[in-house]
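J.: Prediction below, plus the sequence it came from.
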Amino acid sequence: MMSVNPFQPLSMSSNPPALRPRALRRIAAALAVVSAGLLAFALPSGAAAEPRGERQNMSVVRQAVEDHLSREMRGLPGTVSYVLGSLDPRLSLAACPALQAFTAPGTRLWGKSSVGVRCAAPSWLIYVPVTIRVVDNFVVTARPVSPGQTLAAEDLIVRRGDLAELPAGVIAAPEAAIGRTAAVSVAAGQALRKDMLRAPLLIQQGQTVRVVARGKSFEVSVDGRALTAAHADQVVEVRLASGQVVNGLARPGPVVEAVSAR
């Protein structure tokens, strides 16, 4: 084996020995390992990644929603309860110094709904699902009801349940339905709504009424006969003793407040 003196200078005119391709590949791999080690030593762990900063505590978000619901549900009837829906566990938001919970315009906090939570800086917005139960009394029919039928106490039954599962406008107390007439057919056991009923007739067709005409400095009244029936504040036609027909608004008494004549 040939020995080499490490202190002997190489001749400038001499050519270095050619390296084989396999040796070149081994040298390149060794340099790559050394470079990676130097880089790892020079940079602390995680320095290559951009810092994320403090993240929002989601339990604080849920508390903001609960505080908002407590304020907004004070005017609801009966016994009110709610259940917050779950948030996506992968959700990661920048920490917010001042959360604002709100209800979007047109959103009804009743049944399945949602509450928004937003942050101005840093800017983000999410919606938290919520299910609200409103348990109270409501009125149902004890038997089938026909259009035009005047309701009595024996026609009604009071039940208790979640109003959020019923149509809007259900009647809560029998007193609000007794004496009113049905505008539509209602099946037995059906919840009564306000739009299903009409106020009792103030004026019956053929009934004698008092027609009153009022001016700036005068008031005139005369008897007449109603040509049509009318509920409160509805227009009714009345024929006077002279044969003249006047239109007016039905008032208790029975009185017709004249508005025009023909």
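T.: Cool, got the structure.

J.: so how far is Arg180 from the residue lying closest to Arg262 once chain neighbours are set aside?
T.: Nearest non-adjacent residue to Arg262, counting by CB to CB, 6 or more residues apart in numbering: Val245, 5.6 Å away. Heads up, the C-betas are built off the backbone N, CA and C, glycines and all. From Val245 across to Arg180, the span is 29 Å (CB to CB, to the nearest Å).

J.: Same check on Leu156?
T.: According to CB to CB, Leu156 and Arg180 sit 11 Å apart.

J.: circling back: Val245 and Arg180: which is more packed in?
T.: Between Val245 and Arg180, counted using other CB atoms under 10 Å, Arg180 has the larger neighbour count: 19 against 14.

J.: wait, isn't the more buried one in contact with Leu197?
T.: Yes. Shown here, Arg180 and Leu197 form a contact pair, counting by CB atoms under 8 Å, at 4.1 Å.

J.: Which parts of this structure are strands?
T.: With DSSP state E, the ranges of strands along the chain come out as 79-84, 100-102, 111-119, 124-141, 156-162, 181-182, 197-198, 208-214, 219-226, 235-240, 245-251, 255-261.

J.: out of those, nearest to Ala94?
T.: For Ala94, the closest of the strands of the chain is strand 124-141, at 6.8 Å, according to CB to CB.

J.: buried set for that closest one?
T.: For strand 124-141, burial by neighbour count (16 or more other CB atoms under 10 Å) applies to 126-128, 130, 132-134, 137-141.

J.: what do you get for stretch 57-72?
T.: In stretch 57-72, counting by 16+ other CB under 10 Å, buried: 58, 61-62, 64-65, 68-69.

J.: before we move on, what about stretch 81-91?
T.: Tyr82.

J.: Do I have it right that His68 meets Ala104?
T.: No. Using CB under 8 Å, His68 makes no contact with Ala104, being 11.9 Å away.

J.: circling back: the strands of the chain: lowest mean pLDDT?
T.: For these, mean pLDDT drops lowest on strand 255-261, to a mean of 85.

J.: chain center to it: distance?
T.: 45 Å (CA atoms, centre = their mean, to the nearest Å).

J.: now that strand against strand 245-251, angle please.
T.: If you take axes from the mean of the first three to the mean of the last three CA atoms, to 10 degrees, strand 255-261 sits at 140 degrees to strand 245-251.

J.: can you pull the pLDDT of the residue nearest the centre of the chain?
T.: For the chain, the residue lying nearest the average C-alpha position, counting by CA atoms, centre = their mean, turns out to be Thr107 (2.6 Å). At Thr107 the predicted local distance difference test score is 85.

J.: what are the phi and psi values for it?
T.: In terms of degrees, to the nearest 10, the main-chain angles of Thr107 are phi -80, psi 130.

J.: How much space separates it from Ile132?
T.: 11 Å.

J.: what's the overlap in contacts for these two?
T.: Both Thr107 and Ile132 are contacted by Ser113, under the criterion CB atoms under 8 Å, 6 or more residues apart in numbering.

J.: What count of nearby residues applies to Ala173?
T.: 12.

J.: isn't Val255 right next to Val209, touching?
T.: Yes. Under the criterion of CB under 8 Å, Val255 makes contact with Val209 at 6.6 Å.

J.: The two: which is more packed in?
T.: Between Val255 and Val209, Val209 has the larger neighbour count (other CB under 10 Å), namely 22 against 17.

J.: just checking, that one touches Val222?
T.: No. Using CB under 8 Å as the test, Val209 is too far from Val222 to be in contact (10.0 Å).

J.: Show me the beta-bridge partners of the residue nearest to Arg262.
T.: Taking DSSP bridges, one finds Arg239 as the beta-bridge partners of Val245.

J.: swap in Ile126?
T.: Val117.

J.: Just list the residues touching it, thanks.
T.: Ile126 neighbours (CB under 8 Å, 6+ apart): 61, 87, 91, 93, 116-118.

J.: Then Val128?
T.: By CB under 8 Å, 6+ apart, the contact set of Val128 is 61-62, 65, 84-85, 87, 114-117.
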